[in-house]
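# Sequence and predicted model, in that order:
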Amino acid sequence: MITSIHHVGLQSPSPHAALAMYAEFFGTAIQSKNDEAWVSSANGRIRASNGSAPPRTASVHATGLAHVCIQAQDKAVARERLERNGVVLLAEPLPLGTGFHYSYARDQEGRLIEMENAPFLQSDPNGWFGHVAFVTQDLPRLTRFYAALLGCQASQGQRVANNHNVDRVAQLQGVDLEPVWISGLNLTLEFWRYYAPLLDDPNERQCGYTYLALEAEKPSEAKSFALELGATDAPPESVLSHTCPSVRDPDGNRLVFVSTRAVETGVEPLQDARLIDHVLPARAAYMAEKQRGKGL
Ligand SMILES: [Fe+2]
């Protein structure tokens, strides 16, 4: 049984420096262990291991583990914390009628980040994780796999097209996409199927993040279950000196299974694992109030 989204993995020749912007955004410290660096928000973690940086800046809509979404209440404070650490916003943060303000950004090594701001929350300078996003060419296959693996419900969103603000946020022309979200754990998984625009290279893959780690009571059993669901075998990953089983999901994205015991012996526990369960109701209440204000 999967108990949480344990962390997102990336590689950098400077693991500590690669996570500096997360530490400042979340108002927390970087933990360094051997050649690994870790940063935890209240509800999630990111790990940088020593290795080569992404070979290129992948397109927003290339297939794969596409972006990590970080959220904060105050747009100006959040932006300043990112920009001080070499992060470049692709465009000005924009509302899309959901209560959040949205912007994509690139970290100092070209990885795609989404920053969402939640002005409907009480003022708090520190941020948290929102979701992890995959781009896929086969939405039903990939979301069936993750819903079954995580034991969570998938919810289909409305197709998005002809939306000038979405184009501006993504810095793409003529975005036409279909979303699915899988919620129920500490982080949401987001899935995008882009119908347009087409990639210049249809075989382009994401390369910014190296894997998604899931926490399981029994990692080897979780791996066996993933293989039954259509995953393929992958070499193990060493995390905090633990050998962690790994697979590739049906799209080829790498998943690593981390034992609940590894958490006890390594990184700090999450302080508020269900934080996003409080954000979404606050957003819904804010949107309902706005509708009433318009007399709708
Ligand atoms: Fe996203």
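Cool, got the structure.
# Spatially, what comes nearest to Q11 if we skip its sequence neighbours?
G51 (3.3 Å; CB to CB, 6 or more residues apart in numbering). C-betas here are computed from N, CA, C, even on glycine.
# Contacts (any at all) between the ion and the lengthiest strand in the chain?
When the chain is parsed with DSSP state E, its longest strand is strand 2-12. No - contact of strand 2-12 with the ion (CB under 5 Å from the ion) is absent, the minimum separation being 13.0 Å.
# Using neighbour counts, pick out the buried residues of that strand.
I2, T3, S4, I5, H6, H7, V8, G9, L10, Q11, S12 (16 or more other CB atoms under 10 Å).
# ok, now stretch 192-204?
W192, R193, Y194, P197.
# nearest to the ion, of those residues?
Closest to the ion out of the buried residues of stretch 192-204 is W192 (7.8 Å), distances taken as CB to the ion.
# circling back: which secondary structure elements does the longest strand of the chain contact?
Judged by 3 or more CB pairs under 8 Å, 6 or more residues apart in numbering; DSSP states H and E, the packing partners of strand 2-12 are strand 45-50, strand 211-216, strand 254-259.
# can you put those in a markdown table and add mean pLDDT, distance to R141 and mean neighbour count?
What follows is the helices and strands packed on strand 2-12, written out as a markdown table (pLDDT from 0 to 100; distance: least, CB to CB, whole Å; neighbours: other CB atoms under 10 Å):
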| stretch | mean pLDDT | distance to R141 | mean neighbour count |
| --- | --- | --- | --- |
| strand 45-50 | 97 | 27 | 23 |
| strand 211-216 | 97 | 17 | 23 |
| strand 254-259 | 96 | 15 | 24 |
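# Which of those strands sits closest to the ion?
Among the helices and strands packed on strand 2-12, strand 211-216 sits nearest to the ion (CB to the ion), with 14.1 Å.
# Mind listing residues that contact the closest one?
By CB atoms under 8 Å, 6 or more residues apart in numbering, the residues outside strand 211-216 that reach it are 1-9, 47, 65, 132, 149-150, 222, 237, 239, 244, 246, 253-260, 263.
# One more pass at 6 Å, please.
Strand 211-216 has contacts (CB atoms under 6 Å, 6 or more residues apart in numbering) with 2-4, 6-9, 222, 254-258, 260.
# cool, and stretch 271-285?
Contacts of stretch 271-285 (CB under 6 Å, 6+ apart): A42, N43, G99, F120, L121, W128, N186.
# Just the buried ones from those residues?
Judged by 16+ other CB under 10 Å, buried ones among the contacts of stretch 271-285: A42, N43, G99, F120, L121, W128, N186.
# could the buried residues of strand 2-12 be laid out in CSV, adding distance to D107?
Listed next are the buried residues of strand 2-12 as CSV, based on distance: CB to CB, whole Å:
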residue, distance to D107
I2, 27
T3, 28
S4, 24
I5, 20
H6, 21
H7, 16
V8, 12
G9, 14
L10, 9
Q11, 13
S12, 9
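# From these, pick the one nearest the ion.
Using CB to the ion, V8 is the member of those that sits closest to the ion, with 13.0 Å.
# Wait, that closest one touches I46, no?
Yes - using CB atoms under 6 Å, V8 is in contact with I46, at 5.0 Å.
# Let me know the pLDDT of G295.
With respect to pLDDT, G295 scores 57.
# List the residues that contact whichever residue of the stretch 151-296 of the chain sits closest to the ion.
Nearest residue of the stretch 151-296 of the chain to the ion: E190, at 4.9 Å (CB to the ion). Residues in contact with E190, defined by CB under 6 Å, 6+ apart, are H131, A133, W181.
# would it count as being in a helix?
No - E190: not assigned to a helix; according to DSSP: H, G, I helix; E, B strand; the rest coil it is strand.
# nearest spatial neighbour of it, skipping sequence neighbours?
Nearest residue to E190, sequence neighbours excluded (CB to CB, 6+ apart): A133, at 4.1 Å.
# how close does L96 sit to M287?
12 Å (CB to CB, to the nearest Å).
# Pop out the phi and psi values for P140.
According to degrees, to the nearest 10, the main-chain angles of P140 amount to phi -60, psi -40.
# how about it, what does it touch?
Here P140 is in contact with no residue (CB under 6 Å, 6+ apart).
# pLDDT wise, what is it at?
At P140, pLDDT is 98.
# One more: P269?
For P269, pLDDT reads 83.
# Give me the number of neighbouring residues for it.
Using other CB atoms under 10 Å, P269 has 8 neighbouring residues.
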